[in-house]
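Could you look at this predicted model? Sequence included:
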Amino acid sequence: MGSLRTVVSAVLAWLVVVAVGSTVVWLVISRAGDGVAPTVGADVPAASSSRSAGPSGSPSPRPPSPHPTHPSTPAPSTPQPDAAQRRTWQGAGGLVTVECRGTTIALVGSSADAGFVVDPGSRGPAEVDVTFEGQGEEGRETRVRAHCAQGVPVFEVDALDE
């Protein structure tokens, strides 16, 4: 009877260790992913509904209005000044990510491809200027500039071969 208790205790202890270990690993991985993956719809403003659910109470008799009613004006197609617009350029040399808030631009990040070195020059607020310098005999260089046009990042790229 003693050996049966020992086996059952060992199996239960093993199950507890596996459950706790799995929970810890799951928590660590999910929290690490929160910092890396963008939140779905993070840059999209929430839409609000202006429809009513229907009449409430008893309707009062009213003459028809001589002016037709129109729905509220639609949101402008250009981004709101306070809404951040993020764009990424990727090409020869690496990638550049910038963000516009109105007319202010900021460098979010840049990363060089293998064989290139990144030189982030201007980081904003009027313009972002990043240069990727090729290492080796080719001497390639790519210059990426970005500015905000109507609240949206616009990239200009110059590829130079030395």
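The structure has been received and is ready for your questions. Numbering: from 1, shown residues only.

Pairing partners for the helix or strand harbouring F132, with directions?
Mapping F132 onto the secondary structure by DSSP states H and E places it in strand 128-134. Using DSSP bridges, the strands paired with strand 128-134 are strand 116-123 (antiparallel), strand 140-149 (antiparallel).

and these, which is most packed in?
strand 140-149 (a mean of 20; mean count of other Cβ atoms under 10 Å). In short, each C-beta sits where N, CA and C put it, glycine included.

how many neighbours does the closest residue to C148 other than its chain neighbours have?
Spatial nearest neighbour of C148, excluding adjacent residues (Cβ to Cβ, 6 or more residues apart in numbering): C100 at 3.9 Å. Residues lying near C100 (other Cβ atoms under 10 Å) number 26.

relative to strand 128-134, how tilted is the strand or helix carrying C100?
Taking DSSP H and E as the criterion, C100 maps to strand 94-101. Angle of strand 94-101 versus strand 128-134, following axes from the mean of the first three to the mean of the last three Cα atoms, to 10 degrees, is 180 degrees.

Mind giving me the packing neighbours of strand 94-101?
strand 85-91, strand 104-112, strand 128-134, strand 140-149, strand 152-161 (3 or more Cβ pairs under 8 Å, 6 or more residues apart in numbering; DSSP states H and E).

That one pairs with which strands?
Note on strand 94-101: by DSSP bridges, its sheet partners are strand 85-91 (antiparallel), strand 104-112 (antiparallel).

Out of the ones you listed, flag the one nearest G121.
Minimum separation from G121 across those (Cβ to Cβ) falls at strand 104-112, 9.4 Å.

now that closest one: mean pLDDT?
Here strand 104-112 scores 93 as its mean pLDDT.

Can you give me the buried ones in it?
Neighbour counts over strand 104-112 (16 or more other Cβ atoms under 10 Å) mark 105-108, 110, 112 as buried.
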